[in-house]
Every structure is written in structure tokens, then in C-alpha cells.
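Enquirer: build me a structure from this.
(chains A and B)
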Amino acid sequence: MIKFANPSNFQKFSDRIFPFSNLVTVTFFVIGLYFSFFKSPPDYLQGETVRIMYIHVPCAWLSLMIYSIMAICSFISIVFKHTLADIISRSCAPIGVCFTLATLVTGSIWGKPTWGTWWVWDARLTSELILLFIYIGHILISNAYDNKKKGDKYASILTLIGIINLPIIKWSVDWWNTLHQTASISKFSSPTIDESMILPLVFMSISLTSFFISSILLRIKGEILIRKIEIIKLNKII
Amino acid sequence: MQYFNAFLESTNHLPYVVSSYTIVFFLLIGIFTLSFKRVKKLEKSFNHLTKNES
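Expert: Residues are numbered from 1 along each chain as shown, chains lettered A, B, ... in the order given. Predicted structure coming up:
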């Protein structure tokens, strides 16, 4: 693991992984679509709109997972001052914005036929919206300073403060009365949805996780290149 | 096929489902394309700088 903490070694490793993760993304996306539309029955209550779940839930899971990765990297960055942790954190934020936005938009579209409204200031929806603002705040702060290190430091502090929002998102449906339903899939109990609905969810989750890996590798490569270019330019001036 | 045909016939729900998948698809393709273009541009600039150095 320590070997990959070196940005150049990490870049070599990511170049090898990149085509494979792209292949997994496309393959599982096609399989996921097939299972979502051809093999999964409509819900007895929600009808055909239940198919939104197969894209909405993986996006929501990823929005939380990406933030957790950012929080771990922010901690490493603050404690050990490791450059790669800052690079990963910076690279995660725009992808996190996309997945959180996708969660909010698909949730809103799902809410209209199911709840009769596009939006309610429900605990789950509001906390997910706050997550989006934290992601945007991270991007703005990390790019607000000419000195990248300073920007990364303040953005890491914001990420660590914002981690308090993660348990709120996860358990808001249990703590408060919300329009949003409680979790159907839990680590500690058997799922409350049918197998025919779990399969497309699993395939789509694998596809989107693999998409995240591809995107993060690409963005990390970009961040490493930016730093290398800066060093070359600085050496020229000196 | 039976489920898919039923889905196509459900005119009430079809636009909601299709628009959800389309938005997510374009959002993700968008971020990937932007990242890819950015990396290509940076690679070009890096190669140009290292060539000049040598």
C-alpha cells in the first residue's frame, strides 16, 4: 500500500486499472439496464416508477461513500500532511457533486408520482441537499487560494466538520417522521425487497462504483499532472 | 419482455423513469468527458514543457 502513496507509482498503477474499470462499468450498466427493465416487475404500490430506485439508490450510496473517502483523506492530510490524500480529496469532490445531484434530481422525479410533490423539506432530503452544499463548499475553498496547500487544509477542515452530516443522512428516516421510506437493505437484517428487485440494484451499484473508480483515476491523473507542470514552471523561474 | 411491454404502455409513469435515467446518464457522461478532456490537455502541456526542458 505504501508503494502507491507515491504519486508516480500511483499513476502507473491507475493506468493499468483504468481500461478494466471502464469495461466493468459498461458491461454491468448494460446488464443492470436489462434487469431493471426486462426482469424486474412493477411494484404493487408504486407501479413502474419503482424502476427509478435502480439508479437513485446506487447514486445515493455513492454520494455517501465518496464523502467518506474524502473525510478519510482529509484526516490523513491534516495529520500526516500527505500530498496524495489532498489530491484524492480534490478529485473526489466534483464526482461527489454529480452523484449527490443525481440522487436529488432522481429522488425529486420519483417523489412527484409517489408523494404528489417534487420536493419537501424532509430530514433525508434536506440533509442530502446539505451534503451537496458541503461538496460545493469543498471545491470552492480548495480553489480559493493561490497557495494550494492552504486551500487543501481549509477544505479538509470543512470536510471533517461536515462528516457529522453522514449519520444524519443515514438515520434521519429512523430518527424523525419523514416522507422518505426507511432503508430496505440493511447490513444487520435480511432485505425487505424481492430478489428480482435486488439484482438490478446490485448490477447498477457495481457499474456506478466502477464508474466512480474510472473517474477518480482520471481526475487524480489530472491533479498529478497539474502539480508536475507547476514544479517545472517554478524550476524555470528559479 | 412482458415487464418491458407493460412499462412502455404505462404512459403515466414512463416519462418519470425515462427522464431519471437520461439525466443521470448525461450527468455522468458529462463529468467523465470533462475530466478526460482536461487530462488530455494537461498531458499535452506537460509533454510540451518536458520537451522544451530537454
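
Enquirer: and the residue nearest the centre of the chain?
Expert: Looking at chain A here, since you left the chain open. residue A:63 (3.2 Å; CA atoms, centre = their mean).

Enquirer: my question was about chain B, not that one.
Expert: Centrality entry for chain B: nearest residue to the mean C-alpha point is residue B:29, 0.6 Å, by CA atoms, centre = their mean.

Enquirer: kindly report the residues of chain A close to chain B.
Expert: Applying the criterion CB under 8 Å from any CB of the partner chain, the portion of chain A that neighbours chain B consists of A:37-42, A:47-49, A:51-52, A:55-56, A:59, A:94-95, A:98, A:101-102, A:105-106, A:109-110, A:112-113, A:208, A:211, A:214-215, A:218-219, A:221-222, A:225-226, A:228-229, A:232-233, A:236. Every residue, glycine included, has its C-beta placed from N, CA and C.

Enquirer: buried ones among the residues you listed?
Expert: A:37, A:40, A:42, A:47-49, A:51-52, A:55-56, A:59, A:94-95, A:98, A:101-102, A:105-106, A:109-110, A:113, A:208, A:211, A:214-215, A:218-219, A:221-222, A:225-226, A:228-229 (16 or more other CB atoms under 10 Å in any protein chain shown).

Enquirer: CA atoms only for the helix or strand of chain B with the lowest mean pLDDT, dumped as PDB, please.
Expert: Of all regular secondary-structure elements in chain B, judged by mean pLDDT, DSSP states H and E, the least confident is helix B:2-9 with a mean of 85. Listed in PDB are the C-alpha atoms of helix B:2-9, where the atom choice follows Å, rounded to 0.1, in the frame of the first residue of the first chain:
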ATOM      1  CA  GLN B   2     -43.600  -8.800 -20.600                       C
ATOM      2  CA  TYR B   3     -42.400  -6.400 -18.000                       C
ATOM      3  CA  PHE B   4     -40.800  -4.100 -20.600                       C
ATOM      4  CA  ASN B   5     -44.000  -4.000 -22.700                       C
ATOM      5  CA  ALA B   6     -46.100  -3.200 -19.600                       C
ATOM      6  CA  PHE B   7     -43.600  -0.400 -18.800                       C
ATOM      7  CA  LEU B   8     -43.900   1.100 -22.300                       C
ATOM      8  CA  GLU B   9     -47.600   1.100 -22.000                       C
END
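
Enquirer: give the next helix or strand downstream of that helix.
Expert: helix B:14-53 (DSSP states H and E).

Enquirer: residues of that following helix that come out buried?
Expert: Residues of helix B:14-53 classed as buried: B:16-17, B:20-21, B:23-24, B:27-28, B:31-32, B:35-36, B:38-39, B:42, B:46, B:49 (neighbour count, 16+ other CB under 10 Å).

Enquirer: output the contacting helices and strands for it.
Expert: Other helices and strands packing on helix B:14-53, by 3 or more CB pairs under 8 Å, 6 or more residues apart in numbering or on different chains; DSSP states H and E, are helix A:53-80, helix A:83-115, helix A:195-237, helix B:2-9.
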